[in-house]
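Student: This is a predicted model, with the sequence first.
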Amino acid sequence: MSSNTLLITVQQLKDRTGLHSSVDEKLVAPDIKYCQDAYIMPLLGTALMNKLQDEIENDASGKPTGNYLTLWESYLLDALCYYVLGESPMTLTYQLYNKGLNRKTSDNTINPEVDEIIQMADKYKKRAEWYGQRMADYLLENHTLFPEYDTPGTGIDVFLPETNAYETPFYMGDDCGCDGGSYLPVSDSKFKRKC
């Protein structure tokens, strides 16, 4: 397994969203990598992320199989696509060249203002969080189908699966009124709350 294995292709992103077919693949691929590492891995946990990457890398169709295919097709793809769209507006608008940062322009279009670009990114980020929460809920409900979800591994570099895809700018406290705890409310889980 390679940590550089992308969970989606640029073509899949274009097919599932409004990203134009003429967008250069090399501009979008780094955003896919970043989004799967920064947003998807925390929701899946390290072991499940590695399992999905193994499945995609080792299958001729580039898709996972079995329960992993259901997770990938029905939940993960939409979340990842919209996280990428949330990150891409700035990437596609501004690019680095040897002369520095440049803003792309065209003769036949009107370039949006920076505030409009940020609004568009926020719109897609909200969609991504909705799909991400849907995926987190599915994993909580069906965690027994994914042994890697219940056993994410150990070590300081391991992500334990998060159950909340929504980001908030301030801390509202833990549900049970304690620090720490865990993520699975299921009684037979090794990740029971420790309050």
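Tutor: Yep, that arrived.

Student: The helix-or-strand element of the chain with minimal mean pLDDT pairs with which strands, and in what direction?
Tutor: Between all helices and strands in the chain, the lowest mean by mean pLDDT, DSSP states H and E belongs to strand 100-103, at a mean of 72. Sheet pairing of strand 100-103 (DSSP bridges) gives strand 94-97 (antiparallel).

Student: Tell me which residues of the partner strand come out buried.
Tutor: Going by neighbour count (16 or more other C-beta atoms under 10 Å), nothing in strand 94-97 comes out as buried. The way it works is simple: take the backbone N, C-alpha and C, and place the C-beta from them, glycine included.

Student: Just the residues contacting that strand, thanks.
Tutor: With contact meaning C-beta atoms under 8 Å, 6 or more residues apart in numbering, strand 94-97 is reached by Leu27, Leu101, Asn102, Arg103, Lys104.

Student: Spatially central residue in this protein, please.
Tutor: Ile40 (3.2 Å; C-alpha atoms, centre = their mean).

Student: Thought Asp78 was touching that one, still the case?
Tutor: No - using C-beta atoms under 8 Å, Ile40 is not in contact with Asp78; the gap is 11.3 Å.

Student: do you know how far Thr70 is from Thr5?
Tutor: 19 Å (C-beta to C-beta, to the nearest Å).

Student: More neighbours: the two, which one.
Tutor: Thr5 (18 against 15; other C-beta atoms under 10 Å).

Student: still on that earlier bit, and which of the contacts of strand 94-97 is nearest to Asn164?
Tutor: Leu27 (30.5 Å; C-beta to C-beta).

Student: which stretch of helix or strand covers the closest one?
Tutor: Under the criterion of DSSP states H and E, Leu27 resides in helix 25-35.

Student: Name the residues of that helix that come out as buried.
Tutor: Val28, Ala29, Asp31, Ile32, Lys33, Cys35.

Student: Run through the neighbouring helices and strands of that helix.
Tutor: helix 10-16, helix 77-93 (3 or more C-beta pairs under 8 Å, 6 or more residues apart in numbering; DSSP states H and E).

Student: contacts for that helix?
Tutor: By C-beta under 8 Å, 6+ apart, helix 25-35 touches 4, 6-8, 10, 13, 19, 80, 83-84, 86-88, 91-92, 95.

Student: Just the buried residues of these.
Tutor: Buried residues within those, defined by neighbour count using 16+ other C-beta under 10 Å: 6-8, 10, 13, 19, 80, 83-84, 86-88, 92.

Student: can you give me the helices for this protein?
Tutor: 10-16, 25-35, 41-44, 46-58, 66-71, 77-93, 114-141, 147-150 (DSSP state H).
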